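**Q** Just to be clear, the model below is a prediction. Sequence and coordinates:
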Amino acid sequence: MGLAIVPGSFDPVTWGHVDIIRRAARLFDRVIALVMVNDQKQALFTPEERLYMLRESVRGIQRVEADFYGGMTYDYIARHGVDAIVKGLRDGADFAYECQIAQFNRQHAPQADTLFLLADPQRQALSSSWVKRAYVAGEEIRDAVPPVVLAMLAKKLPINKTKESEDRGMEHGRKCN
């Protein structure tokens, strides 16, 4: 069925992103998970770090590769012969936002249609922003992100040591003060 891109900032990539990419790979001959720059978001990770995490996260998914592009989506579409843009939707707010972007891309790259895939209900509340907030707060995020993301977060962000200590204390049947 051709070439599809799954564009996003992936700051960082989550299992929700990987699920959408994996499902897109069942629909298309080739899928490029495309790290892009979103000027409306303050990125924690550099484009190179995001691409590294994404490549590691999709390694082993047949017909999927990862790439980075710092320009407009429609330019990438024209340069690479893209047939479709695949986006994941968690809720109505995502739909409203993504519809505007889809219409813009349609005007500039009519050769590529946008397809929306609904998020897995178990991952519907998952976002990159939540991952970063939860990690800093010392919450468990292992089920939300690939292992490479945990390692990169550990290098990039401090963990809330108070919360971590309390959790360890509770595991031993006492609360640390």
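**A** All right, it came through fine.

**Q** can you pull out the strands in this protein?
**A** Taking DSSP state E, the strands of the chain run over residues 3-8, 30-36, 64-69, 84-89, 113-118.

**Q** Just send these back as JSON lines, with distance to residue 159, mean pLDDT and mean neighbour count too.
**A** For glycine as for every other residue, the C-beta is placed from the backbone atoms N, C-alpha and C. As requested, these are exported to JSON lines (distance: least, C-beta to C-beta, whole Å; pLDDT from 0 to 100; neighbours: other C-beta atoms under 10 Å):
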{"stretch": "strand 3-8", "distance to residue 159": "26", "mean pLDDT": "98", "mean neighbour count": "24"}
{"stretch": "strand 30-36", "distance to residue 159": "25", "mean pLDDT": "98", "mean neighbour count": "23"}
{"stretch": "strand 64-69", "distance to residue 159": "27", "mean pLDDT": "98", "mean neighbour count": "18"}
{"stretch": "strand 84-89", "distance to residue 159": "28", "mean pLDDT": "98", "mean neighbour count": "22"}
{"stretch": "strand 113-118", "distance to residue 159": "33", "mean pLDDT": "98", "mean neighbour count": "15"}
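
**Q** Switch those strands over to JSON lines; also include distance to residue 78.
**A** As requested, the strands of the chain are arranged in JSON lines below (distance: least, C-beta to C-beta, whole Å):
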{"stretch": "strand 3-8", "distance to residue 78": "12"}
{"stretch": "strand 30-36", "distance to residue 78": "14"}
{"stretch": "strand 64-69", "distance to residue 78": "12"}
{"stretch": "strand 84-89", "distance to residue 78": "13"}
{"stretch": "strand 113-118", "distance to residue 78": "15"}
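
**Q** could I get the helix of greatest length in the chain in CSV with only the CA atoms?
**A** Residue-count comparison of every helix in the chain, with assignments taken from DSSP state H, identifies helix 92-108 as the longest. Output for helix 92-108, consisting of C-alpha atoms alone and laid out as CSV, is shown next (Å, rounded to 0.1, in the frame of the first residue of the first chain):
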residue,chain,number,x,y,z
GLY,A,92,-11.4,14.8,20.8
ALA,A,93,-8.8,17.5,21.5
ASP,A,94,-6.2,15.5,19.4
PHE,A,95,-8.8,15.1,16.7
ALA,A,96,-9.5,18.9,16.5
TYR,A,97,-5.8,19.7,16.4
GLU,A,98,-4.8,17.0,13.9
CYS,A,99,-7.7,17.9,11.6
GLN,A,100,-6.3,21.4,11.2
ILE,A,101,-2.8,20.0,10.4
ALA,A,102,-4.3,17.4,8.0
GLN,A,103,-6.1,20.2,6.1
PHE,A,104,-2.9,22.2,5.9
ASN,A,105,-0.9,19.3,4.6
ARG,A,106,-3.6,18.4,2.1
GLN,A,107,-3.4,21.9,0.6
HIS,A,108,0.4,21.6,0.3
